[in-house]
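1. dropping a prediction and its sequence here:
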Amino acid sequence: MIERSADPAVPSDRRSAPDSVVALVEASTSVERQLIGDWIAAGGIATELGVGAPVTQLDLDPPAVADRLVGRHDDPLVVPVRVVWLPPERDGVRRTTFADFVLFNDPRRPNRLRQRRLAAKSPDRHLVLTGQPARLGELRANHRAAADGSGRPSATGGAEPFARAIVRAGTVALERAERAVIGDRYKVPRLVAEEILDSPEFLRRLDAIAVHTGAGSREVYRRAEKGLRELVAAQSRLVSDLFTQAMRPVHAWTWKVDSDASRLDELRRLNRRYPLVFLPSHRSYVDAFVLGDALARHDFPPNHVVGGANLGFWPMGPIARRTGTIFIRRSFGDDEVYKAVVEEYFAYLLAKRFNLEWYFEGGRTRTGKLRPPRYGLLNYLAAAIRSRRVEDVMLVPVSITYERLNELGAIASEQAGGAKEPEGLAWMAHYIRNQQRSAGHVYLRFGTPLSARERLAAHGDPLTPAPGPGEPVAAEAANLERTAVQRLAFEVAVGINEVTPITVNALVTLILLGVHERALTLGEVRRALEPVRGYIRRRGLPGGELDSLTDDHGLAVVLEQLSRAKVVTVYRGGLEPVYSIETGAHLEAAFYRNSAVHWFVNRAILELAVLAAVDAPPGEQLATGWSTAYRLRDLLKFEFFFPERADFAGQLTAEMLLVDPHWHERTADGTLGADILAELTGTGFMMAHRVLRSFFDAQLVVAERLAADPEAGATADRKQFLADCLAVGRQMLLQQRLHSPESVSTELFTSALKLADNHGLLDPSGPDLRARRLAFAAELRALGARVSHAATLDPANRPED
């Protein structure tokens, strides 16, 4: 029932034999009470614990404990006891089924009549279980505040807080003992709200909020209790089992999950000491099911998944809450009480080593690559560590990558300005219908776990507890904390990218999107792929089923699958089939490409830097190349996760050495050499136009709108500004001033607007605003011309004779 101060391997009865035993009986029916009574009478406790002292039975209930145990002056051994009911074995596994649900028969919680029948005819379906025992004195020592009456005031006097603490300790001990029988995947928290509301530290914080806000203590307590009741996930083992069984076949038909079993085993061992926070990439509504099912198959306890209120509709909301989803209000502004409740709940779960999961991008990606992270929930996690209530938390970057995604059409429609379909029953039915089409592999990869405490400290977080309500916050400390959390989020994003595999569809769409208004034969696609695959091998990049692209048959299968998904179109009327991106499907194709585009960004920047350098005077070529590379890094910093400047320079140098192993000798005099372009094109491919053109084209649309209208981009009308960019972007596409429809995207325009804001181009009071906006647009037009030059050097853009 407690963590013992003495050696936990030594039972208390061996240190000093108790004179009496109190069995705290958790029984919901007379049948369970009789089974426990018979077991005790038959010497069950004596046999299990080696204690021969007389046993008194007492209900595991606060009033009974307060009345008959708390006031005792001796030191009995307290043993929690319950009956555990087990499902029948089905294919060697004890599990519930939908038949149990339809018949209102929960085999883990049978009704009284069924219990009586099972006890008589199927004795293997139940067992009497004891939790870790403790002496009453040990319980007093471990719950001193409650035992001293300093917890929540109660009408029944000072005994009730200690009684509630004993009941919680007994319940937790029984839960742990039961998990040893049924598995860790059934680890669920009990009496959470009650324990938090009994916490002296939390009550003191509520009192401080009441003083600071001028609200009454009872009103603050009532609001905190209401917030906890709506926040705490009421997990149910039955609902978890049934939901898993319902969703598993839906998704098993659609995808073949490819997960890293060895890394899961490592995480399982790590989880024995630390709580894990899984931070996955977010490409689909199905992400949580894919990850949850993989973890359940490896006997992880269920994650508490922090979800958005948009998925709280009936029946998904009540089901999700019972499978561990936490619905947090989207915004709670200056509500100090709700903020305290969220922080306390997070700290409680982490301190009890329950695992968490949330999607730190704040929503599904619309482009296929990682979105910039949101920091809110990481701030709560950091606060729990600073409070010293949590030793440490291990953050687990998770990459979930799909070969094909059936919901992609809706995502592309939103990017082109279409309305997002609201979640509800109709949406859910449509979603399930979509999952009936096979979509190949889904790759589940786990990055290197990050110690939150270690990484926050490394990034300068002082890790000091936060001041109380109304107390001043030191500006320097707050800035250090904010910066540390941001850098930690950056590390998580990099960790996700580092394990994201390059899928066959990502590679094929990379090739097809790089040829302008041309269809390629199967042979042309294969020849364009070969040097890129060689590049992937040389760098040792992770891939998924890329060997299937080595022969014409395997490549034809991939192209046919993309054709069935209406991403690629095939013309078969000539001498041989030719393949191109389906009209109107460029955003879908870009989504697949962008899942792996981060692996090729540095190569693309290198190409543009070299093209800028060769146009510079000989003595300035190397300096021009580096300044161009750093400028491109700056222009793309809201799209990709770049390291610090020195590390970026090292990565770019490594890219150049792949092109030319003699790079250092060649550039010793500050020039690049006359044959640098031949070295570059000799690798067999160019990446700049394939990887970066859509981002620069989107930036150009935003830049020209800002240059054309002095009032454009103001905070009050940014939604209208983005709508204008969509309309103007379509016009520029028709005028062939943009290369591809994938550039006309609200997500790309939003990032471009952030870039403009970062460069001071949205502040109407800034100096020379119009001139700087015009210069920005001119720079992007020049950059677009350089990207087009790179495209002409790509061997894939030279048609066969």
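-> Arrived safely.
2. C-alpha only now, for contacts and for neighbours.
-> Noted.
3. so what's the predicted local confidence for Gly766?
-> pLDDT recorded at Gly766 is 81.
4. next, count neighbours for it.
-> 11 (other Cα atoms under 10 Å).
5. what does Lys754 give?
-> Neighbour count for Lys754, taken as other Cα under 10 Å: 15.
6. which stretch of helix or strand covers it?
-> helix 746-758 (DSSP states H and E).
7. after the helix or strand containing Val181, which helix or strand is next?
-> Here Val181, judged by DSSP H and E, is contained in helix 159-182. Following helix 159-182 in sequence order, the next helix or strand is helix 192-197 (DSSP H and E).
8. what's the average pLDDT for the helix or strand containing Phe721?
-> Here Phe721 sits within helix 718-734, counting by DSSP H and E. Averaging pLDDT along helix 718-734 gives 92.
9. next: stretch 773-783.
-> Over the span of stretch 773-783, the pLDDT mean works out to 96.
10. which residues are contacting whatever helix or strand comes next after the helix holding Lys754?
-> Once the chain leaves helix 746-758, the next helix or strand it forms, by DSSP H and E, is helix 769-792. By Cα atoms under 8 Å, 6 or more residues apart in numbering, the surrounding residues in contact with helix 769-792 are 514, 607-608, 611-612, 686, 688-689, 693, 696-697, 699-700, 703-704, 706-707, 710, 761, 763, 797-798.
11. narrow those to those that are buried.
-> 514, 607-608, 611-612, 686, 688-689, 693, 696-697, 699-700, 703-704, 706-707, 761, 763, 797 (16 or more other Cα atoms under 10 Å).
12. narrow those to those in helices?
-> With DSSP state H as the criterion, helices contain 607-608, 611-612, 688-689, 693, 696-697, 699-700, 703-704, 706-707 from among the buried ones among the contacts of helix 769-792.
13. looking at the residues you listed, which one is closest to Ala141?
-> Ala141 lies nearest to Gln699 out of these, by Cα to Cα, at 64.0 Å.
14. ok, now how distant is the closest one from Lys339?
-> Distance, Gln699 to Lys339, using Cα to Cα, to the nearest Å: 38 Å.
15. for Trp39, same thing?
-> Between Trp39 and Lys339 the computed distance is 48 Å (Cα to Cα).
16. so Phe638 sits against Ala756, correct?
-> No: counting by Cα atoms under 8 Å, Phe638 stays clear of Ala756, with 10.5 Å between them.
17. before we move on, what SS does the closest residue to Val232 other than its chain neighbours have?
-> Spatially, and ignoring its direct neighbours in sequence, Val232 is nearest to Ile326 (6.5 Å; Cα to Cα, 6 or more residues apart in numbering). When classified by DSSP: H, G, I helix; E, B strand; the rest coil, Ile326 comes out as strand.
18. now do Ile326 against Ala590, distance only.
-> In terms of Cα to Cα, Ile326 sits 33 Å off from Ala590.
19. how about the strands in the stretch 401-550 of the chain?
-> Along the stretch 401-550 of the chain, counting by DSSP state E, counting those that start in this stretch, strands occupy 441-446, 450-451, 502-503, 520-521, 543-544.
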